[in-house]
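> Structure of the sequence below:
(one chain, ligands or ions: 1)
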Amino acid sequence: MALLWTCRRNVIGRFVNKMSLKGRLMILSSNSYYIQPITSFATHFTCSQRSVPLNFRIFGRLPQNVVRHVSSSNSTSVSRAIVYSTEDISTKKLPLKDSSQLAGPTALNQKDGRVWFHAGVGHIHDDDSGPPRNGEDKVNSKQMVKAMLSYVWPKDDPDIKKRVKLAVGLLVASKALNVSVPFLFKYAVDTLNVSPDGNILNLATASDTVLTYSVALLLGYGIARAGAAGFNELRNAVFARVAQHSIRKIARNVFLHLHNLDLSFHLSRKTGALSKTIDRGSRGINFALSAIVFNIVPILFELGMVATILGFKCGPEYAALSVGCVGLYTAFTLGVTQWRTKFRVMMNRAENEAGNHAIDSLINYETVKYFNNEKFEANKYDKSLKKYEDASLKTSTSLALLNFGQNAIFSGALSMIMIMAAHQISAGTMTVGDLVMVNGLLFQLGVPLGFLGSVYREVRQALIDMQTMFTLMTVDPQIKTKPNTAPFFVTPANAFIEFRNVSFHYVPGKPIFQDLSFTIPAGKKVAIVGGSGSGKSSIVRLLYRFFEPTHGEILIGGKNINDISLDDLRRAIAVVPQDSVLFHDTIQFNVHYGSLDRPMDDVIEAAKLADLHTSIQTWPQGYDTQVGERGLKLSGGEKQRVAIARAILKNSPVLILDEATSSLDSITEQNIVDALRRATQGRTSIAIAHRLSTVMDCDTILVINGGRLAEQGTHNELVSDSKSIYARLWSTLQGLNSIKNS
Ligand SMILES: N[C@@H](CCC(=O)N[C@@H](CS)C(=O)NCC(=O)O)C(=O)O
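Got it, this is the predicted structure:
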C-alpha cells in the first residue's frame, strides 16, 4: 500500500527559491522513522515512497519553511512531498504514533523556535479520508436508501413530488407502448398471413382491405416504437431535475456539516479527500438513482408485463420460462461480475502505480541523471505497465466470457420458447404472428439486460461512495453550542478575557498547559510570548473554541465561553493568522470576506487602515484584481495586510494577532506594525509573538513557559529583571540583530 502524506493547507504551496538543504525522511520499520541529513548536492528534503502498511500524516507550520506538495496522479494519495527549507532540521528519531493520537505536536526543531510538525501514523483506510472517530458509524444500505428517498420524495417540495409522479407515469406509458410494439407486429403478420376464416391467406387474391389494415398496423408499430422512445426521453428529462436537485441538496448539506465539524476532525482528514468524498458521493447518488429509476425498475416492470402477457396469451409455461431465463441470466451476470471486478481493481491500481512512477521519476529527472539510472527507471515503469497489461487482458477475456454466457442463456431460452410456439402453430393453437410477438417481447427485454453487469458494478461502487459520504454525516461535532444558549453580546467595554486554571493537551501525556491562569483587561493590548512549543497559538485555539481545555475555564465578558453560542463567541473575536490564506478570487472579495454585508466604502476604509489601499490602486484591475490560488500572486506582506483589513472590517471587540508579522522582512514589518496599531485601537487585543520588537509597546506581556504563566509585566519591567526569561529572550534577539547588521 502506498505511503500517504498529508500536508495541511497552511504548509502546502508556499514556495521560496532560497533552499538550504535538509534531509530525507526514512521509514526504518513499522515503528520508527527519522530525518536523515542528505548529501550535499541534493536540494530537497524528500519522502521516499515505500510500500508499508502505514498512513503517515504530516502537517504543521513552517513559518519560513516551504512545502511543495507533489501529488500522485489520482491526487488523493500523495506519494511524495518536497520540503524546501531555509532552516536546518536535525536528525531526530521519532516514535510512530497510533492514528487515534494524531495531532500531537512533535517538534522536529525546538532550538530556534521555528519549525514544528504534527506527526502521527496509523493504518491505511480504503476511502483515504482518514480514520473514523467516535460517533462515526458506517451507515447501512437501508439507511442510505431511506436518506436518498427523503431527497427524492421531499415532504416540503410539492414540485419535486409532482415531477416524480410524472416520471413514473411516463415510465408506465413508455413501457406500455414498448410492449404494444410486438403486438402490433403480430397483428400485421397475422393480417398478411391468415384469412378471416382461419386458413392460410393467399396474398395474390386477398382484398385491398387486408393490405390497408396491415399497413395501418405497421404504421402503428412505427408510431408505438417512436412513442416509447419519446416517453422514455421525456421521463429522463423530467427526472433529471429531481436527481440533480437531490444531489445539490445532499452535497450542500454535507458541505455545511463539514464546516460545522471541529478543527480536530479537519486536522485528521485530508481536505482533498473530503472534497472527493462529496464529489464521489453525489455522483454515486446520481448513478444509483439513475440506475434504479431508468434501469432496474423499468426492467422489473417490463419483465412483469411480459410475463403476464405471455402467461395469459400463450400459457403459464411461457411466463415461467421467461422469468426463469431472466433469473438465471441475472444470477450468472452478478456472479461473474463480482468475480471479474477484482481484475478491474487490479487494472486501476496498476494504472495509478504506473502514473505515480512516471511522475516521481520525471520529477527526479536530475537525480536519475546523477546516477545513470534511466534504464532502471524504465524497467520499474515497465513492471507497472506489465501489471496493467495482465490485468487489462483478464478484464477483456472475462468480459468476453460474461457476454458469451449472457448471450447463451438468453438465446437458449429464446429458442426454447420459439420451439414451444412452433409446436403450437403446427397444432393450430397459435399463429405465426404469435411467434413473432413472443420473439419481439423477449428480444426487447434483452436490450437493457445487456448492461446488467455494468449497472450492478457501478451501483455497488456508487453505494460504497454514498456510504462514505453518508457516514460523514453521522460524525457529531465535538465542539458545539449547548442547546438553549441565550444570546450574549461581547462589547468593547466587557471584552475582558480570563483563563482560569486551564489545562490542555493534544496527546495524553504531553501537556501543553497546566493550570494556566491570566486575565486580559478590556481595551488593553496584551502580548503572549514564549519559546517554540510553549502553546502560544493553542491559547488562541482554545479561546476560539477550536479545542476544549481538559480542565479549567475560559471566560469572556465574565461568562464561560462554553455558555456562549459559537456564533456569538466567534463574532466577538477577529483573528489575523500567521499564515494568511486567501480565496482564489478578487482582492475585493477577500477583504470583503471579513464582513460580507458591509458596503464597499467600508471595504476601502479597512484597506486604507491596513495600509493596503495604495498598493491595490497600483494594480491593473484595482480591487477587481484576482489574487490567484491561495493568494499566490500577492507578496507575504500584501497577504498579511489583506488579513488585517478583513479583521478590521469584521470590527470585533477582540482582535488576535497570531504572529502576524513573523514571515515578513523588516520594512514590510514596520508598515504592518503601523497598520496593526491602527487596527487595535479601542479593542482588546492579544498579540502572539516571537519577535519581541513587535510587542514592546503592549500594556502587558505574558511569558508562557512549561505550560504555565511564568512572567507578566511591561517590556521595561521584564527587561529590568536580568534573570527573567523575557530578558534572556530579549538579549538573544538583540545579539541576533547585531550579527545581522554587522
Ligand atoms: N454485457 C456486459 C457488458 C456490458 C458493457 O459492454 N459494458 C460497458 C460499460 S456500459 C463496458 O465497457 N464494459 C467493460 C467491462 O465491463 O469491463 C454486462 O452486462 O456488464
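
> residue in this structure nearest to the ligand?
In the chain, the residue that lies nearest the ligand is Gly453 (2.5 Å; C-beta to the nearest ligand atom). In short, each C-beta sits where N, CA and C put it, glycine included.

> Hmm, that residue is touching Thr333, no?
Yes - counting by C-beta atoms under 8 Å, Gly453 does reach Thr333; the two are 4.7 Å apart.

> overlap in contacts of these two?
Common neighbours of Gly453 and Thr333, using C-beta atoms under 8 Å, 6 or more residues apart in numbering, are Leu402, Gln406.

> coming back round to it: checking the residue of the chain closest to the ligand next. Helix, strand or coil?
Gly453 falls in the helix class when you classify it by DSSP: H, G, I helix; E, B strand; the rest coil.

> Contact partners for it?
Neighbouring residues of Gly453 by C-beta under 8 Å, 6+ apart: Thr333, Leu334, Val336, Thr337, Leu402, Gln406.

> closest to Thr625 among those residues?
Closest approach to Thr625 among those (C-beta to C-beta): Thr337, at 53.3 Å.

> any idea how far Glu302 is from the closest residue to that closest one other than its chain neighbours?
Nearest residue to Thr337, sequence neighbours excluded (C-beta to C-beta, 6 or more residues apart in numbering): Gly453, at 4.0 Å. Distance, Gly453 to Glu302, using C-beta to C-beta, to the nearest Å: 18 Å.

> Could you pick out the residues of the stretch 451-600 of the chain near the ligand for me?
By C-beta under 6 Å from any ligand atom, the residues of the stretch 451-600 of the chain that approach the ligand are Phe451, Leu452, Gly453, Ser454.

> Weed out the non-buried ones from these.
Leu452, Gly453 (16 or more other C-beta atoms under 10 Å).

> Rebuild the residues of the stretch 451-600 of the chain next to the ligand as TSV, extending it with pLDDT.
Shown next, in TSV, are those (pLDDT from 0 to 100):
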residue	pLDDT
Phe451	91
Leu452	93
Gly453	94
Ser454	93
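
> mind checking pLDDT for the residue nearest to the spatial centre of the chain?
For the chain, the residue nearest the mean C-alpha position is Ser275 (1.7 Å; C-alpha atoms, centre = their mean). pLDDT recorded at Ser275 is 83.

> tell me which element it falls in.
If you go by DSSP states H and E, Ser275 is part of helix 271-290.

> how about that helix as PDB, C-alpha atoms only?
The C-alpha coordinates for helix 271-290 follow below in PDB (Å, rounded to 0.1, in the frame of the first residue of the first chain):
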ATOM      1  CA  THR A 271      -9.000  18.300   2.700                       C
ATOM      2  CA  GLY A 272      -8.700  16.900  -0.900                       C
ATOM      3  CA  ALA A 273     -10.100  13.500   0.200                       C
ATOM      4  CA  LEU A 274     -13.100  15.200   1.900                       C
ATOM      5  CA  SER A 275     -14.000  17.100  -1.200                       C
ATOM      6  CA  LYS A 276     -13.600  13.900  -3.200                       C
ATOM      7  CA  THR A 277     -16.000  12.200  -0.800                       C
ATOM      8  CA  ILE A 278     -18.700  14.800  -1.600                       C
ATOM      9  CA  ASP A 279     -17.900  14.600  -5.200                       C
ATOM     10  CA  ARG A 280     -17.900  10.800  -5.500                       C
ATOM     11  CA  GLY A 281     -20.800  10.500  -3.100                       C
ATOM     12  CA  SER A 282     -23.000  12.900  -5.100                       C
ATOM     13  CA  ARG A 283     -22.100  11.300  -8.300                       C
ATOM     14  CA  GLY A 284     -22.800   7.900  -6.600                       C
ATOM     15  CA  ILE A 285     -26.300   9.200  -5.800                       C
ATOM     16  CA  ASN A 286     -26.800  10.300  -9.400                       C
ATOM     17  CA  PHE A 287     -25.700   6.900 -10.700                       C
ATOM     18  CA  ALA A 288     -27.700   4.900  -8.100                       C
ATOM     19  CA  LEU A 289     -30.800   6.900  -8.700                       C
ATOM     20  CA  SER A 290     -30.500   6.800 -12.500                       C
END
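
> Check which helices and strands the helix or strand following it sits against.
Once the chain leaves helix 271-290, the next helix or strand it forms, by DSSP H and E, is helix 297-313. Counting contacts by 3 or more C-beta pairs under 8 Å, 6 or more residues apart in numbering; DSSP states H and E, helix 297-313 is packed against helix 158-193, helix 316-363, helix 432-449.

> what inclination does helix 297-313 have with respect to helix 316-363?
Orientation note: helix 297-313 sits at an angle of 160 degrees relative to helix 316-363 (axes from the mean of the first three to the mean of the last three C-alpha atoms, to 10 degrees).

> what angle do the helix or strand in which Asp382 is found and helix 432-449 make?
Element membership for Asp382, per DSSP H and E: helix 374-426. On the basis of the same axes, to 10 degrees, helix 374-426 is oriented at 160 degrees to helix 432-449.

> distance between helix 374-426 and the chain's centre?
35 Å (C-alpha atoms, centre = their mean, to the nearest Å).

> Show the average pLDDT along that helix.
For helix 374-426, the mean per-residue pLDDT is 95.

> Which secondary structure elements does it sit against?
If you count contacts as 3+ C-beta pairs under 8 Å, 6+ apart, helix 374-426 packs onto helix 316-363, helix 432-449, helix 452-473.

> now with 6 Å?
helix 316-363, helix 432-449 (3 or more C-beta pairs under 6 Å, 6 or more residues apart in numbering; DSSP states H and E).

> Is it possible to get JSON lines of those that adds mean neighbour count and distance to Ser517?
Shown next, in JSON lines, are the helices and strands packed on helix 374-426 (neighbours: other C-beta atoms under 10 Å; distance: least, C-beta to C-beta, whole Å):
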{"stretch": "helix 316-363", "mean neighbour count": "17", "distance to Ser517": "51"}
{"stretch": "helix 432-449", "mean neighbour count": "20", "distance to Ser517": "72"}
